[in-house]
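A structural model of the following input is requested.
(one chain, ligands or ions: 1)
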Amino acid sequence: MDISEKRVKFGAFEGTLEEASCPADGKNAGADLVFRCRDGIGYYRCRDCNLMFASPRFTEESLMNIYETEAFADLRMFEDWSYEKWKEGRDRAYVTQRQKLELIRRYLPEGARLLDVGAGMGLFLLEARKEGFKCEGLEPSAMLSKVASEVLGVPVSTVEVEDFNPPYKFDGIVIWDVLEHLYDPVGVLKRCAELLEPGGYVFAQVPNHRGLSNSTKTMLCRMGIKRSGFKHFWFPWHVYSFDRGSLGALARAASLEPVLFESWSHLLKEGRSGPFSRTVIDVVKKLCISDYIVCVARKTG
Ligand SMILES: [Zn+2]
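Okay, the predicted model is just below:
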């Protein structure tokens, strides 16, 4: 039976399913099943590049409908919001933006031009502009881009990156927590490469299936000990999970050469700075064992 003809319910969601394969090589035959949930959703690992993907998954059209009906972001923080209060509070969102900017400053000078693909509510852009970068963002969600423009006052448009044609190129493109949602991540990375100056950089963060917590949960699922399904994958929102190899394969397929992989411990994102925290932060960073990987990739050619 062709699964694409049937509408299915998955928890609170409903839509049409499709079979998927690794977007870096397109060979479904080259993947091993890691785990299949009782609802029929399977999680596979590509034999070529080690990328993990969900199959079947919702079709892109079905997932777009799901995005429109669900609230993705808690907007309560923007009631009575001010930049000064946010900065003073040093919450996780603020410390994470600072961490991203410290990374970018290792590669790009003050005043460089940045594009944020999947800018969300614009918090990164706000902090990047304070740091002296020229910046703008793209965010397909009308709700989130409205917060960015109207509450934070940062330039964010709802245009898709494929249709974005500015009269200038960028020194850096940030794409945080976006690639795992995309049905054509190679196409989007290729478009990012086209929008970069020669030698420009892409800064990406994606889920890491080799992270300590993620890989432990996967193991417990496979052993039948963890019975709540494969929730740590974040299906249906996430259709992929990566490791250094698979993220590198994706970048190279888009003419981008990875120059750095690291991962950020939750202690780092919480702004912990004691001696014990600093040791853990360094180990997690070097071994890439948190549940997200950060990659810097340079435009080649
Ligand atoms: Zn692959």
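
wait, Y183 sits on E162?
No. The pair Y183 / E162 is not scored as a contact, 11.9 Å apart, by Cβ atoms under 8 Å. For every residue, glycine as well, the C-beta is placed using N, CA and C.

okay, now the sheet partners of the longest strand seen in the chain, with direction.
Longest strand in the chain, counting residues (DSSP state E): strand 196-207. Strand pairing for strand 196-207, determined by DSSP bridges: strand 170-176 (parallel), strand 292-299 (antiparallel).

with mean pLDDT added, can I get these in a markdown table?
Below are the strands paired with strand 196-207 laid out as a markdown table (pLDDT from 0 to 100):
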| stretch | mean pLDDT |
| --- | --- |
| strand 170-176 | 97 |
| strand 292-299 | 96 |
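
closest to the ion out of those strands?
Taking Cβ to the ion, strand 292-299 is the member of these nearest to the ion, at 15.7 Å.

how about residues contacting the closest one?
For strand 292-299, contacts defined as Cβ atoms under 8 Å, 6 or more residues apart in numbering pick out 103, 107, 177, 193, 196-208, 211, 242-244, 247-248, 251, 255-264.

tell me how the protein divides into domains.
According to automatic domain parsing, the chain comprises the domains 1-70+210-241, 78-208+243-301.

ends of the longest one, what's the gap?
Meaning domain 78-208+243-301. 43 Å (Cα to Cα, to the nearest Å).

that older thread, just want to know which of Y183 and E162 has more residues nearby.
Y183 (18 against 11; other Cβ atoms under 10 Å).

the residue lying closest to the more buried one once chain neighbours are set aside - how many residues pack around it?
Nearest in space to Y183, with sequence neighbours left out and distances taken as Cβ to Cβ, 6 or more residues apart in numbering, is E60 at 4.5 Å. Using other Cβ under 10 Å, E60 has 14 neighbouring residues.

and E60, how far is that from A251?
As for E60, its distance to A251 is 22 Å (criterion: Cβ to Cβ, to the nearest Å).

give me the below-cutoff pLDDT ranges for this structure.
1-5, 25-29, 69-74 (pLDDT under 70).

what does it put close to the ion?
Taking Cβ under 5 Å from the ion, the part of the chain that reaches the ion is made up of C22, A24, D25, C46, D48, C49, L51.

is it true that the second one touches G248?
No. The pair A24 / G248 is not scored as a contact, 9.6 Å apart, by Cβ under 8 Å.

residues near the closest residue to V296 other than its chain neighbours, how many?
Closest residue in space to V296, ignoring its immediate chain neighbours: L260 at 4.2 Å, by Cβ to Cβ, 6+ apart. The number of residues packed near L260 is 14, by other Cβ under 10 Å.

quick thing: my sequence starts at 276, can you match it?
Understood, numbering begins at 276; the last thing we discussed is L535.

gap between L535 and A368?
L535 is 23 Å from A368, by Cβ to Cβ.

tell me which residue in the stretch 326-475 of the chain sits closest to the ion.
L326 (4.7 Å).

for that residue, which non-adjacent residue is closest in space?
S521 (3.5 Å).

related to what we said a few turns ago, in PyMOL, select just the buried ones from the contacts of strand 567-574.
The buried residues among the contacts of strand 567-574 can be selected in PyMOL (16 or more other Cβ atoms under 10 Å) with this line:
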select buried, resi 378+382+468+471+475+476+477+478+479+480+481+482+483+486+517+518+519+522+523+526+530+531+533+536+537+538+539
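
let's have the strands paired with strand 471-482 in TSV, adding mean neighbour count and distance to K405.
Shown next, in TSV, are the strands paired with strand 471-482 (neighbours: other Cβ atoms under 10 Å; distance: least, Cβ to Cβ, whole Å):
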stretch	mean neighbour count	distance to K405
strand 445-451	23	15
strand 567-574	23	21
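
pipe these into TSV and attach distance to V392 per row.
Shown next, in TSV, are those (distance: least, Cβ to Cβ, whole Å):
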stretch	distance to V392
strand 445-451	5
strand 567-574	13
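
contacting residues for Y369?
For Y369, counting by Cβ under 8 Å, 6+ apart, the contacting residues are W361, K362, L398, E402.

please identify the helix or strand for it.
For Y369, the host element (DSSP states H and E) is helix 367-380.

now the element after that helix, going C-ward?
Assignment by DSSP H and E places the next element after helix 367-380 at strand 388-392.

between strand 445-451 and whatever helix or strand comes next after that following strand, find me the angle.
Going down the chain from strand 388-392, the next helix or strand is helix 398-405, by DSSP H and E. With axes from the mean of the first three to the mean of the last three Cα atoms, to 10 degrees as the basis, helix 398-405 and strand 445-451 are set at 150 degrees to each other.
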